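Visitor: I would like the atomic coordinates for the input below:
(chains A and B)
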There are 2 protein chains.
Amino acid sequence: VTELSDLVLEPAEMAELVETLGAIGEQLGGGLVRPVYSSAWALAREQLASWMGAAGLDVREDAVGNLFGRLRGAADARTILTGSHIDTVKLGGKFDGALGVLSALAAVRALAQRVGPPRRSVEVVALCEEEGSRFAASFWGTRGMLGLIDPAELDALRDEDGLTIGEAMAATGFEPDRLAEAVRTDLDAFLELHIEQGRILFDEGVQLGIVETITGIISQLVTVDGQTDHAGTTPMDVRHDALQGAAEMALAITRLAEAEGRPLVATMGKWDVQPGAWNIVPGRVRFWLDIRHPDEATKQRFAETARGQCREIARRRGLRVGSEVLQDVPPMDMDARLKRALAAAADRHGFSHKPMVSGAGHDSQVLARRVPTAMLFVPSVEGRSHSAAEYTTPEDAARGATTLATALHSLAY
Amino acid sequence: VTELSDLVLEPAEMAELVETLGAIGEQLGGGLVRPVYSSAWALAREQLASWMGAAGLDVREDAVGNLFGRLRGAADARTILTGSHIDTVKLGGKFDGALGVLSALAAVRALAQRVGPPRRSVEVVALCEEEGSRFAASFWGTRGMLGLIDPAELDALRDEDGLTIGEAMAATGFEPDRLAEAVRTDLDAFLELHIEQGRILFDEGVQLGIVETITGIISQLVTVDGQTDHAGTTPMDVRHDALQGAAEMALAITRLAEAEGRPLVATMGKWDVQPGAWNIVPGRVRFWLDIRHPDEATKQRFAETARGQCREIARRRGLRVGSEVLQDVPPMDMDARLKRALAAAADRHGFSHKPMVSGAGHDSQVLARRVPTAMLFVPSVEGRSHSAAEYTTPEDAARGATTLATALHSLAY
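Guide: From the prediction side, this is the model:
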């Protein structure tokens, strides 16, 4: 008989795991650099493999570079998978991705050592690449597992040094032409614990978030064309200043987004003002517009309203405006049965939780295309993310791992 | 007795001068590259020296690289100077600066050949460097003539290849340590003809502009600081998005400037949005704010109002804002007697003219600190400037040169 206490993970254990893994790739001055197929990345995998082996898990890597630790079940054929990614953005923190891998390790290790063999097999996974910070290869590990990598990507994707991702794989001991062997068809469920990367749980003092939906994203490049002129000799009333128009568009879109309210977000994070001289009226401005909402129809309606506002502002100012859709990712709902399993697990321990939208993309949104999937969020202190300041308290991390262990127990035993 | 017709310059003569000089440094696809101390610049000076010599002028260059052609007067000691600069901005046109040099040449050549020796000496000048397009050495030639070059600039100013301006001088045959010899103390007047570089004369169909004042400029670097956040996980209502604030500031400043009306102009031509990723909320935005007005008090008041608006927007959005003054140049009034001489000359030929503000900086604003100075504007077709599309009709150019010759005649004979 399993005691509830058998499923409890302690803050100290979580803190030690985070610090040990987080020392690999850490830079002087803070921040991690652990891109896929780098030496720091390989060291992190060795550390994880060592922990998995010591816990009695069967350790295996696949052709793309994902690392697995399997707790074999009596009915061995099908698998419940849990984990996250171990690559980091440049100068990222010790929690994004890593905490999901380490929580999975701690949870499955506790099940192995305190409860014993499950009925269904449970596997910890360290996914090799999610962030796309070395190559434009987001969700590389997950796509490898689902057969969604186009072989042409092996030669097409290059890092800053010009190395292709295929060459980087080969240099790390992987065989790019065996990619197809990474495909998994035995997965019954995927559970991913992840830091929220926002400040909603932190601000509201809620201990866990159970993701309802991973948000939809539409990313557009907006180009505003006017006329370059001399900044001294061209009166304001005859200018066709692309920057004046782009600033008015940015403010209008911000106000529309503020009026729409949560969970809609609109971000204009990248700007290119040409010719870019202090004494020349800008003739062309390009800005990148990222709009996110968990409801596809709302996302598309807002994007169209934003485009309409831009056209109206351009017309009034004698400018031209065009927008190019760079990426249009629909929202992805999480699996109802797995969400209930996570909520029931949190309830058993008396942890507060709330349904949430994930505003960030995650491996789960790719896996959910083929495998029932759910995500558990733990609080990010002050919402900091993609930064050395990223932090989740050991107590919150332990509540997350405990909930994960309890949910896995309910699914696998 | 001088006939009025002796002072008339013909469109064909002006067109030929412009095309001949404008072929030197012209690029495939259009646009001139003729930066100071380059081979194209040296060729342009040789062409001018040849024309000056053929017209019977005494040709001389000074230690900094200005080229002079002197029509010696009976009372030789004092000089009336006329001309402009022969360097160009990168891919600039054939008229900016050059037309002032060529009009001076044509006018003084006509006086020499048709009227004879003047009472006071008249000199044509091709100033060596005004634009600062190779080195940050604006008004270099003019400053050399007034002893306003700091010798430290010789080693401090470098071009894109890392060459100092002193090294570039030496490579072109000038001796940087003889700079002081370029100083002139014999100047009684300076007349500069220049293209308007704006579209006021063109739009209004007025043939000549007589500059009242060269505008004052205050150039500031505005820095808006907020907080970098994840573009997906940070709700709009908790963001401190520096770009949202900067866009609102840009729009507010634009509206203030539009409300103030001519001749005030405000330009935000250069932007730096950090970290500059499409999926990160901008934490810092810097923009360059250029404000111009011919009245110093109005210029300073507007700059303070703009700063106040920025502070108010930053406060409301939870951002910080600071501004650094990069350049604060007071307006410079032109000499009343010389303006009257130009107006009277235009009237004698029946050319329409109007008083104007120069919104651009010119050599005249530096010379005016020590020497009575006036400027004559000719129309720029569609106001185009600093571009291969820069154009002034031969007829307009001839009216300018004719007016200049007539004014010089009234001053020197």
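
Visitor: confirm residue A:298 sits in a helix?
Guide: Yes: residue state for residue A:298 (DSSP: H, G, I helix; E, B strand; the rest coil) corresponds to a helix.

Visitor: measure how buried residue A:259 is and give me the count.
Guide: Per other CB atoms under 10 Å in any protein chain shown, the neighbour tally for residue A:259 reads 9. For every residue, glycine as well, the C-beta is placed using N, CA and C.

Visitor: and it, what is it in contact with?
Guide: Applying CB atoms under 8 Å, 6 or more residues apart in numbering or on different chains to residue A:259 gives no contacts.

Visitor: now do the buried residues in whatever helix or strand it lives in.
Guide: Taking DSSP states H and E as the definition, residue A:259 sits inside helix A:242-260. Buried residues in helix A:242-260, counting neighbours by 16 or more other CB atoms under 10 Å in any protein chain shown, are found at A:242-254, A:257, A:260.

Visitor: just give me how far that helix sits from the chain centre.
Guide: Distance of helix A:242-260 from the chain centroid (CA atoms, centre = their mean, to the nearest Å) equals 27 Å.

Visitor: same question for stretch A:25-45.
Guide: 18 Å.

Visitor: other residues contacting it?
Guide: A:21-22, A:24, A:61, A:65, A:67, A:86-88, A:90-94, A:126, A:128-129, A:133-135, A:137, A:140, A:159, A:165, A:168-169, A:171-172, A:174, A:387-388.

Visitor: chain B next: which of those residues are close?
Guide: residue A:387 (CB under 8 Å from any CB of the partner chain).

Visitor: and the contacts of stretch A:25-45, which of them are in helices?
Guide: Judged by DSSP state H, helices contain the following of the contacts of stretch A:25-45: A:21, A:22, A:140, A:165, A:168, A:169, A:171.

Visitor: any chance of these in JSON lines, plus pLDDT and neighbour count?
Guide: Output for the ones in helices among the contacts of stretch A:25-45, formatted as JSON lines (pLDDT from 0 to 100; neighbours: other CB atoms under 10 Å in any protein chain shown):
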{"residue": "A:21", "pLDDT": "98", "neighbour count": "24"}
{"residue": "A:22", "pLDDT": "97", "neighbour count": "20"}
{"residue": "A:140", "pLDDT": "95", "neighbour count": "31"}
{"residue": "A:165", "pLDDT": "96", "neighbour count": "24"}
{"residue": "A:168", "pLDDT": "96", "neighbour count": "24"}
{"residue": "A:169", "pLDDT": "97", "neighbour count": "22"}
{"residue": "A:171", "pLDDT": "95", "neighbour count": "11"}
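
Visitor: please identify which of those residues is nearest to chain B.
Guide: Chain B lies nearest to residue A:140 out of the ones in helices among the contacts of stretch A:25-45, by CB to the nearest CB, at 17.4 Å.

Visitor: the closest one against residue A:148, yeah?
Guide: No: Residue A:140 is beyond contact range of residue A:148, at 9.6 Å (criterion: CB atoms under 8 Å).

Visitor: the buried residues of helix A:242-260 also near chain B: which ones?
Guide: Among the buried residues of helix A:242-260, chain B is touched by A:243, A:244, A:246, A:247, A:248, A:250, A:251, A:254, A:257 when using CB under 8 Å from any CB.

Visitor: before we move on, the earlier item: CA atoms only for the helix holding residue A:259, dumped as PDB, please.
Guide: This file holds the C-alpha atoms of helix A:242-260, laid out as PDB (Å, rounded to 0.1, in the frame of the first residue of the first chain):
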ATOM      1  CA  ALA A 242       7.300  56.400 -41.700                       C
ATOM      2  CA  LEU A 243       8.300  56.600 -38.100                       C
ATOM      3  CA  GLN A 244       5.400  59.000 -37.200                       C
ATOM      4  CA  GLY A 245       3.000  56.500 -38.700                       C
ATOM      5  CA  ALA A 246       4.700  53.400 -37.100                       C
ATOM      6  CA  ALA A 247       4.600  55.100 -33.700                       C
ATOM      7  CA  GLU A 248       0.900  55.800 -34.000                       C
ATOM      8  CA  MET A 249       0.300  52.200 -35.100                       C
ATOM      9  CA  ALA A 250       2.300  50.800 -32.100                       C
ATOM     10  CA  LEU A 251       0.300  53.000 -29.700                       C
ATOM     11  CA  ALA A 252      -3.000  52.100 -31.300                       C
ATOM     12  CA  ILE A 253      -2.300  48.400 -31.200                       C
ATOM     13  CA  THR A 254      -1.100  48.700 -27.600                       C
ATOM     14  CA  ARG A 255      -4.400  50.400 -26.600                       C
ATOM     15  CA  LEU A 256      -6.500  47.900 -28.500                       C
ATOM     16  CA  ALA A 257      -4.600  45.100 -26.600                       C
ATOM     17  CA  GLU A 258      -5.000  46.800 -23.300                       C
ATOM     18  CA  ALA A 259      -8.800  47.300 -24.000                       C
ATOM     19  CA  GLU A 260      -9.100  43.600 -25.000                       C
END
